[in-house]
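[1] Dropping a prediction and its sequence here:
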Amino acid sequence: MGMDQVKQQIIALLKENIRNIPDFPQPGIQFKDITPLLQNPDTLELTSRVLARPFRKKNIDYVVGLESRGFLFGTNLAQDLHAGFIPIRKPGKLPAETLSATYALEYGNDTVEIHKDAFSEGARVLVHDDLIATGGSAAAATELVEELGGKVVGYSFIIALETLRGTDLLAPGVPVKVLLSL
Ligand SMILES: O=P(O)(O)OC[C@H]1O[C@H](OP(=O)(O)OP(=O)(O)O)[C@H](O)[C@@H]1O
Ligand SMILES: Nc1ncnc2[nH]cnc12
């Protein structure tokens with residue numbers, strides 16, 4: 001089996017294990033639910049490996065994962081890349097000193113925070129989340145990483161909602177790896 005066939009099979013497996021839930025959490029939103037992907041041990045392992053593959057030789061120091069669904073595969077990804085894991089959380093959840101950024105979501109507004117001592121100047125950071133919609137969360141994560149003197153050297157998403165063009169908001173010239181464009 002060639003590489004293209006392997007990729008097609010992986011995409012088919014992902015599609016089978018991501019559910020569309022109409023009108024959740026509010027009317028008009030087509031919610032992409034990754035819980036079946038987590039529930040199935042084969043897709044759990046496969047997704048983690050496939051996410052890591054493009055970044056294996058990129059000397060990633062830290063994976064930054066976005067609460068909460070960015071935590072699910074984010075720590076697997078960090079472990080696979082032998083990188084540290086840094087959580088970006090919703091306000092008031094991180095116990096030590098934090099930096100904050102506010103942004104617009106596909107539904108609503110949100111603020112996110114990172115610990116000020118998350119990493120040192122010059123750290124090479126991979127930003128991971130389950131899904132990119134408008135790109136607001138990943139752009140806010142970029143802002144926080146850069147404010148701390150880190151360098152975003154990659155973005156990793158399982159799903160991109162293509163029509164929302166969220167990747168337009170990301171740091172220019174930085175590789176973006178998406179497993180499934182919907
Ligand atoms: O590209 P954006 O428009 O910013 O949207 C994408 C974000 O929205 C979802 O998280 P949500 O805020 O629903 O939180 P959750 O992961 O805790 O469910 C998703 O997991 C991303 O983090
Ligand atoms: N349509 C969607 N499905 C799942 N998570 C989301 N986050 C923002 N938009 C989303």
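    Alright, I've got the coordinates. In this text, all values refer to a predicted model and were calculated from it rather than measured experimentally. Ligands and ions are numbered 1, 2, ... in the order given.
[2] make it CA atoms for all contacts and neighbour counts henceforth
    OK.
[3] Next, the buried residues of stretch 89-97.
    For stretch 89-97, burial by neighbour count (16 or more other Cα atoms under 10 Å) applies to Arg89, Lys90, Pro91.
[4] Can you lay out those residues as JSON lines showing pLDDT?
    Converted to JSON lines, the buried residues of stretch 89-97 look like this (pLDDT from 0 to 100):
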{"residue": "Arg89", "pLDDT": "97"}
{"residue": "Lys90", "pLDDT": "95"}
{"residue": "Pro91", "pLDDT": "95"}
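[5] What about those residues, which are in helices?
    Assigned to helices by DSSP state H, none of the buried residues of stretch 89-97 qualify.
[6] what's the neighbour count on the closest residue to Arg56 other than its chain neighbours?
    Excluding the flanking residues, the one nearest Arg56 by Cα to Cα, 6 or more residues apart in numbering is Leu81, at 6.0 Å. By other Cα atoms under 10 Å, 21 other residues sit near Leu81.
[7] Show the pLDDT at Leu81.
    With respect to pLDDT, Leu81 scores 98.
[8] so it sits right up against Leu51, yeah?
    No. Using Cα atoms under 8 Å, Leu81 is not in contact with Leu51; the gap is 10.2 Å.
[9] hang on, the earlier thing: return the member of the buried residues of stretch 89-97 nearest to Val125.
    Arg89 (16.5 Å; Cα to Cα).
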